[in-house]
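Undergrad: pasted the sequence and its predicted model underneath.
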Amino acid sequence: MSANDHGYDDASIESITEYAQKLVGHTLREMTDAPELQNPKRRRGSFGNAVEEYYFKYKANSNQAPDFPKVGLELKTTPMRHVGSGTLVAKERLVITMIDYDTVVDETFATSTLMNKASSILLIAYLYEKGKDPLDYEVLFADTWDIPQEDLPQIRRDWETVVEKVRAGHAEDISGSDTLYLEACTKAADSTIRRSQPYSDVPAKPRAWALKASYMTAIENGLLKRRQGIERTEEERDLGLLELVRARFKPYIGLTQRELYVRLGLAKPNGKFPKSAGALVTNRVLGIDDDNEIDEFAKAGIRTKTIRLKGNGMPKEAISFPAFNYFELETTPFEDSDFYGYLQQKWLFVIYRQRDDGEFRLCDVMFWQMPDSDIPEARRCYEQMQQNVREGRADVSVRSTENRCCHVRPHARNSKDVLPQPHGAPVVKKCFWLNQSYLKEEIGARPD
DNA sequence: GCATGATCATGC
DNA sequence: GCATGATCATGC
């Protein structure tokens, strides 16, 4: 031991990591003498601050120097939370460092501020539980981490997408939905703050580089879950994810669903197909074992969806989301709603189109996410249904003729499958759906 | 032919 | 038993 008397050697990554791992399975209340929070309402960041100040015993800094300057190690604490039974997900994106619009335009990816800050991280994850005092959060793991080699091509793409917008003088147009793993998230004390950008007079929101929550979920679960990456050939090495998926599906374009399933070995002895065949197709085409998740999809939060188009290009079915809770709908603003969260979902659409012979033939694959420009229309649908609930008319839905993008419709076992609501008798379970006509427009005329 | 309500099938 | 994805049925 050298350098300090805090229980670790700040000139040794190994020593710092070992010391950090003593936290695993414990809480800060057990492991430190941190005082009670002054203001329990201001909890954001308090866990991380307490780790720095009372466990590692240094004062938190917000300058550009690493937290452990002798070894260039950056400390990041990050919350995970339970969803459903037993699944842990990252509660938030992992913010790496602020973006300086004036200097980022002259950076190269490899030597960028981002890569410098993300190259050596001590990641400490804790279990967030609503209402719990941060001093009582359980530490889940503590480990050094940097961006895996195999993720660098995608993250580089994401970085360049954002930087190109700044170089084009459009920093004000940056959106989290531009990118897959890395994002430029807004970061300011209040939403009115703006910064200047080098190639335009238009002020832009301050933003920070962050690894998306879906990406962090994949990273953080990486050691626990059976997740499998797509094995690339030499020629495929530099392809983006969409190009890779396209190339893999290409040999099957034009096959009927039946032909495709047989070709992929998905037909059962009785000649039928498992109902889950749609999702299995993607796994088989991409060379992923049936039970595994596709690593690249998990990191980008992409879900596969089979879409069958009629001859005129109209999907046979709308796309549904989970049933909503009428009490939550009444009180939750759109921005905080589950529905808004679902709309951030990225999809891989595997598209079949009905031909004159009546057969559905594989016609295309595409990634899709609701464009930001359509969010206000979706919001209108949400708020209209919210208003219905408030007025005691939870039974009244928002029709697809009333909203360009989405509608409300029952989604229940049967008409007896109801949920309580604030202002009247229980009402059949309902959810938001994406309109068929909207999906038709978004999918557009796909090549044959 | 489409919008809307209703229900089925599967897997956990 | 329930959530979820998928699909059917009816009436305009």
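TA: The structure has been received and is ready for your questions.
Undergrad: local confidence estimate at A:Thr27?
TA: Predicted confidence (pLDDT) for A:Thr27: 93.
Undergrad: that one contacts A:Val139, correct?
TA: Yes: between A:Thr27 and A:Val139 there is a contact under CB atoms under 8 Å: 7.2 Å. No exception for glycine: its C-beta is placed from N, CA and C like everyone else's.
Undergrad: looking at the two, which has the bigger crowd around it?
TA: A:Val139 (24 against 19; other CB atoms under 10 Å).
Undergrad: part of a strand, is that one?
TA: Yes: counting by DSSP: H, G, I helix; E, B strand; the rest coil, A:Val139 falls inside a strand.
Undergrad: list the contacts for it?
TA: A:Leu23, A:Val24, A:Gly25, A:His26, A:Thr27, A:Ile124, A:Ala125, A:Tyr126, A:Leu127 (CB atoms under 8 Å, 6 or more residues apart in numbering).
Undergrad: contacting residues for the nearest residue to A:Pro203 once chain neighbours are set aside?
TA: Take A:Pro203 and drop its neighbours on the chain: the residue closest to it by CB to CB, 6 or more residues apart in numbering is A:Arg194, 3.5 Å away. A:Arg194 sits next to A:Pro203, A:Ala204, A:Lys205, A:Pro206 when contact means CB under 8 Å, 6+ apart.
Undergrad: the residue nearest the centre of chain A: which element?
TA: Nearest to the mean C-alpha position of chain A, by CA atoms, centre = their mean, lies A:Ser214 at 3.3 Å. Assigned by DSSP states H and E, A:Ser214 belongs to helix A:213-221.
Undergrad: give the PyMOL command for selecting the buried subset of the contacts of A:Arg194.
TA: In PyMOL syntax, the buried subset of the contacts of A:Arg194 is picked out as below (16 or more other CB atoms under 10 Å):
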select buried, chain A and resi 204+205+206
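Undergrad: for DNA strand B, state which of the contacts of A:Arg194 is nearest.
TA: A:Lys205 (36.6 Å; CB to the nearest atom of the strand).
Undergrad: correct me if wrong: that closest one contacts A:Ser196.
TA: No: counting by CB under 8 Å, A:Lys205 does not reach A:Ser196; the two are 11.7 Å apart.
Undergrad: show me the contacts for the spatially closest residue to A:Ser191 that is not a sequence neighbour.
TA: Among residues not flanking A:Ser191 along the chain, A:Lys205 sits closest, at 7.8 Å (CB to CB, 6+ apart). By CB under 8 Å, 6+ apart, the contact list for A:Lys205 reads A:Glu172, A:Ile174, A:Thr186, A:Ala188, A:Ser191, A:Ile193, A:Arg194, A:Arg195.
Undergrad: gap between the two ends of stretch A:237-245?
TA: End-to-end span of stretch A:237-245 (CA to CA, to the nearest Å): 12 Å.
Undergrad: contacts with DNA strand C among the contacts of A:Arg194, please.
TA: Filtering the contacts of A:Arg194 for neighbours of DNA strand C using CB under 7 Å from any atom of the strand leaves an empty set.
Undergrad: filter the contacts of A:Arg194 down to the ones in strands?
TA: A:Pro203, A:Ala204 (DSSP state E).
Undergrad: dump stretch A:56-75 to CSV, restricted to CA.
TA: What follows is stretch A:56-75, C-alpha atoms only, in CSV (Å, rounded to 0.1, in the frame of the first residue of the first chain):
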residue,chain,number,x,y,z
PHE,A,56,-12.9,6.6,-2.2
LYS,A,57,-12.5,9.8,-0.1
TYR,A,58,-11.8,12.4,-2.8
LYS,A,59,-13.8,15.5,-3.6
ALA,A,60,-15.9,15.1,-6.7
ASN,A,61,-14.6,17.2,-9.6
SER,A,62,-16.4,18.3,-12.7
ASN,A,63,-13.3,19.3,-14.6
GLN,A,64,-11.8,17.3,-17.5
ALA,A,65,-9.2,15.4,-15.4
PRO,A,66,-9.9,11.8,-14.7
ASP,A,67,-11.2,10.8,-11.2
PHE,A,68,-8.1,8.8,-10.6
PRO,A,69,-5.5,10.9,-12.5
LYS,A,70,-2.5,8.8,-11.8
VAL,A,71,-3.9,5.9,-13.8
GLY,A,72,-6.4,7.8,-16.0
LEU,A,73,-9.3,5.9,-14.6
GLU,A,74,-12.8,7.4,-14.7
LEU,A,75,-15.4,6.4,-12.0
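Undergrad: what comes into contact with it?
TA: In contact with stretch A:56-75 (CB under 8 Å, 6+ apart) are residues A:3-4, A:6, A:8, A:10-13, A:16, A:19, A:48-49, A:51-53, A:97, A:117-122, A:124, A:144.
Undergrad: again, only using 6 Å
TA: A:His6, A:Asp10, A:Ala11, A:Ile13, A:Ile16, A:Asn49, A:Glu52, A:Ser120, A:Ile121, A:Leu122 (CB atoms under 6 Å, 6 or more residues apart in numbering).
Undergrad: downstream of the helix or strand bottoming out on mean pLDDT in chain A, the next helix or strand is which one?
TA: Every helix and strand of chain A was ranked by mean pLDDT, DSSP states H and E. The lowest is strand A:227-228, at a mean of 64. Sequence order places helix A:241-249 as the next helix or strand after strand A:227-228, per DSSP H and E.
Undergrad: so which bits of stretch A:181-188 are buried?
TA: For stretch A:181-188, by 16+ other CB under 10 Å, it's A:Tyr181, A:Leu182, A:Glu183, A:Ala184, A:Cys185, A:Thr186, A:Lys187.
Undergrad: pretty sure the second one is touching A:Arg157, no?
TA: Spelled out, it's A:Leu182. No: counting by CB atoms under 6 Å, A:Arg157 is not a contact partner of A:Leu182; they are 8.8 Å apart.
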